[in-house]
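# I'd like to go over a predicted model; first the sequence, then the structure.
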Amino acid sequence: MSAVVDKPNADPSIPAQSGGKPAEAVLPEFRRSWWETGMRARADAGVLGVFAELPGLISKAVRVAWRADRLRTLLVAVATVGAGSMAAFGLLATQRILIELFAAGPTPDRVRAAVPALAWLAVVTAIRGALGMVVGYALNGLTPRVLLDVEKELFADTTAVELRAFDDDQFAEGMERATRGTEAAIELVQTVMNLFAGLVSLLAVVVAVVAIHPLLLVALLVATVPTGYAALRAGHVKFGSYLASSTRRRRQWVLQRLMAERDSAAELRSYGLRPFLLGLYDKVMGAQVAEELRVARRVTTTMSIGATIGGVALTGVYVLLGVLLLNGHIPLAAATTCVIAVQAARSSLSTVTFQVDRVYTSGQFFNEYVRFRSTAAHHLPAHDADSAAGPRRVAQPLTELTVQSVSLQYPDRERPAVDQVTVTIRPGQTIALVGENGSGKSTLAAMIAGLRTPTAGTLLWNGHPYAAYDIDDLRGRIAVAMQDHHHWPFSASTNIAMGDIGADAEPARIEAAARKAAAHDMILELPNGYDTLLDKTFKDGSDLSGGQWQRVAAARAFLRDADVLIMDEPSSALDPRAEHALFQALRDRQGTKTTILITHRLANITHADQILVLQHGALIEAGTHRQLMAAAGTYESLFTLQAAGYQSEPSAVASDAGAA
Ligand SMILES: Nc1ncnc2c1ncn2[C@@H]1O[C@H](COP(=O)(O)OP(=O)(O)OP(=O)(O)O)[C@@H](O)[C@H]1O
C-alpha cells in the first residue's frame, strides 16, 4: 500500500481526491495489473520487435490447435488456402471478362464471349464463400477444444503440485496469469488463423497481379505499403484504446464485486460503505470516460493521416497506370484489373496488420500460461530416485509409522516450524500433539499426512520412506480433518462422501460417519436433509454455523476407513454435547485404529497413549498423561492452568454467596 500512498498518481487515469487522500490509497488493487502485460508489451514493442516474436507465437498456436483437434486444424488450413486460391482465380476471371468486353466487335458478341469467364467468376465466388463457411465452422469447433485442453492441463498441474507451492507468492501470481492465459489460447489460435487467411489472400492477389503483368506488382506495392504502415500505426493507437478500456473493465469489475457480492455485504452495511463505494464508482467511470475521449481524438488524427497518405499513394498508382496505359505498356483490361486488385490487397493488408497486433498480444498472455506450467513442474511431488521400479503401492495396513529427526522450515521463516522431531507411532495408538499456538503441531501433522515434505529427516511408513510410495496411495491411507477445513459448495451428503471419493457413497455409511461427528441430527434438520446444498449463493442453498461445518468436516474424515486419522482442533467450535460425542467416537478407535489428535482442550486427551508436547517446533516432552503430570513440566502446568479455569467458578460463586 505504501507504494501507492507514495505515488498517488501512479496510474494517471485515476484522479487524486482532494485533501491529499487519493482514492487508490484505499484500493491498491487499482494499480496497474499484471494482466495488462500483453497489451503493455504490445504498446511498448516497436514494429520490428513484434515481427521478431511472431514466428514463435504462431508455432505455439499451431501446436496447441493441432493437439486439441487435428482434423479441424487441417480443415481450417486447407480451406483457408483454398479460399485464397479462389481469390486469385477470381481476379484472373475478372481480367478475362474485361479483356473480352474491351475487345473490338459488336457488343452482343463481346458479351457472349465474356459469358464463360463470367460463369467461372460465379463458380469461384461461390466456392470461396463455401470455403469461408467451412473455416468458420471448423474454428467454432476447434476453439472450445483448445480451451478445454489448456484448462485441463492447467488444473491437472494446480491439483498435483505440492502444498508448499501455495506458500510462494510468485506461484499464486503466476497462477492468476496462467488462468488468463488459457483464454488467450483461444484468441491466439483464432487470430493466427485469421492472420493466415489474410496472408493467403494477399499472396493470392500478388500472384494474380504478377500473372496479369509483372509491372503491376510495383503499382501494387506503391499503393499498399504506405497504407499498410498507416494501418499498423493506427493499430498502435487502437491498442491504447484497448488498454484504457481494459483498465476500466478491471476497475468496474472490482467495484461491482465489492458492491454486489455476499462476502462483502455484511461489512459494507456495518461500516456504512455504500456512499463511499458508489462515489468511487462514479470517479473511476468519470476518469475512464475522459481517457476514452482522449484516445478517440488520437485515433481520429492517426486514421486521418493514414487515410491521406493512402489516398496520395493510391492517386500515384492511378497516375502510373494512366501513363503505362497511354504509352501502350499495358492493355486497358489489365489496368482495370489492377485497380480491383489494389482494393483487394489493401483490405487483405489491413486484416494482416490488425491480426499481427492481436497475435502478439494474445501470445504474450499465452506465454504466461506456458511459463507457469514450467514453474509448476518444479513443484510436483518428488519421487525417490533410488527406487528404479517406480513408486510402491501401500499393500499392507500400517505396522509402524516412524518420524525420524524430522524438520520443516518454511521458506520465508528464520527458524524451523518443526525442529528434529523423532516419534514412533504404532497401530491402534492415540497420539496427542500439544503445545502453544505456533509450536508446529499442524505442520508436523501435515508432514505425517504426506501433505508437506520435510526439509530434513525422514518419515517411514512400515519401514519405507514416504518418498518411495505412490503419494496418492499413501494419502489414501490417512484421513485428515483440517483445522481450517474447506466449506465445499456441495450437498451435505457429498461433503461427507468426499472423505472417500473413490468408494460408493452409500447413505448408510455417510450417516454412520455423520453420527460419529454428532452431525446426523443437525443435517436432518436442514431444509433438504442430506441433500441440502451447502452454498447460499445457489437456489435452495443453505449455510451452516462454524460448529456445524466443523461437524461435517469431522464426519468427512470419519468416513474413510483410514489407518491413520488426523484431527486438527476438531472441537474448537463445538458445543459441549457435540464435543463429548466426537471424543467418544475417537476413544472408540483406540486399540484398533491410529488417531493423531491436536487439541488445546487437554481434558480430552488424558486417555492418549502418547502425548507429545511441542515448543518452538521441538519435542520437549513425551509420555502418557500420568507420566507427564508426574514429571511436572510444561504439560503439567498447562493442564493445571486449564483445570483451574473450570474449578474457579464454583468457588467464586460460593464466596459470593458467603459474602451475601
Ligand atoms: N504456510 C506457512 N508459511 C510460513 N509459515 C508458516 C506457514 N504455516 C505455519 N507457519 C508458521 O509455522 C509455525 C508453526 O505453525 P503451525 O500451524 O504448525 O502451529 P500450530 O502449533 O499448529 O499452531 P496453532 O495451535 O495456532 O494451530 C508458526 O510460527 C507459523 O506462523
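Perfect, I can see it now. Numbering: from 1, shown residues only.
# which elements pack onto the strand or helix carrying Val370?
Assigned by DSSP states H and E, Val370 falls within helix 332-377. With contacts taken as 3 or more CB pairs under 8 Å, 6 or more residues apart in numbering; DSSP states H and E, helix 332-377 sits against helix 37-44, helix 47-68, helix 70-102, helix 107-158, helix 169-212, helix 215-260, helix 274-326. For glycine as for every other residue, the C-beta is placed from the backbone atoms N, C-alpha and C.
# ok, then the element right after it?
That would be, after helix 332-377 and using DSSP H and E, strand 401-408.
# phi, psi of Ala519?
Main-chain torsions, Ala519, degrees, to the nearest 10: phi -110, psi -20.
# the ligand versus that one, what's the distance?
23 Å (CB to the nearest ligand atom, to the nearest Å).
# which non-adjacent residue is nearest that residue?
Sequence neighbours aside, Arg551 is the residue nearest to Ala519 in space, at 3.8 Å (criterion: CB to CB, 6 or more residues apart in numbering).
# next, that neighbour: secondary structure please.
Three-state call for Arg551 (DSSP: H, G, I helix; E, B strand; the rest coil): helix.
# what's the angle from the helix holding Val370 to helix 274-326?
140 degrees (axes from the mean of the first three to the mean of the last three CA atoms, to 10 degrees).
# mind checking how far helix 332-377 is from the chain centre?
27 Å (CA atoms, centre = their mean, to the nearest Å).
# do the same with stretch 502-522
How far stretch 502-522 lies from its chain's middle: 34 Å, per CA atoms, centre = their mean.
# equivalent analysis for stretch 616-634, please.
The chain centroid and the centroid of stretch 616-634 are separated by 46 Å, computed with CA atoms, centre = their mean.
# quick one on the thing from earlier: nearest to Gly502, out of the helices and strands packed on helix 332-377?
Of all these, helix 107-158 sits nearest to Gly502, with 18.0 Å by CB to CB.
# so which elements touch that closest one?
Using 3+ CB pairs under 8 Å, 6+ apart: helix 107-158 touches helix 47-68, helix 70-102, helix 169-212, helix 332-377.
# okay if I get these as JSON lines plus distance to Ala456, mean neighbour count and mean pLDDT?
Output for the helices and strands packed on helix 107-158, formatted as JSON lines (distance: least, CB to CB, whole Å; neighbours: other CB atoms under 10 Å; pLDDT from 0 to 100):
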{"stretch": "helix 47-68", "distance to Ala456": "41", "mean neighbour count": "16", "mean pLDDT": "83"}
{"stretch": "helix 70-102", "distance to Ala456": "49", "mean neighbour count": "20", "mean pLDDT": "86"}
{"stretch": "helix 169-212", "distance to Ala456": "23", "mean neighbour count": "20", "mean pLDDT": "83"}
{"stretch": "helix 332-377", "distance to Ala456": "24", "mean neighbour count": "21", "mean pLDDT": "81"}
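# just send those helices back as a markdown table, with distance to Arg556 too.
Output for the helices and strands packed on helix 107-158, formatted as a markdown table (distance: least, CB to CB, whole Å):
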| stretch | distance to Arg556 |
| --- | --- |
| helix 47-68 | 36 |
| helix 70-102 | 43 |
| helix 169-212 | 26 |
| helix 332-377 | 27 |
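# and Tyr646, which of those is closest to it?
Closest among those, once you apply CB to CB, is helix 169-212, at 43.2 Å.
# where in the stretch 151-300 of the chain is pLDDT low?
215-216, 219, 222-223, 226-251, 291, 295, 299 (pLDDT under 70).
# distance check, Leu380 against the ligand.
19 Å.
# that residue and Glu162 touch, don't they?
Yes - using CB atoms under 8 Å, Leu380 makes contact with Glu162 at a distance of 7.2 Å.
# looking at these two, which one has more neighbours?
Legend: neighbour count by other CB atoms under 10 Å for Leu380 and Glu162, higher for Glu162 (16 against 13).
# spatially central residue in the chain, please.
Centroid-nearest residue in the chain, with CA atoms, centre = their mean: Thr179, separated by 2.5 Å.
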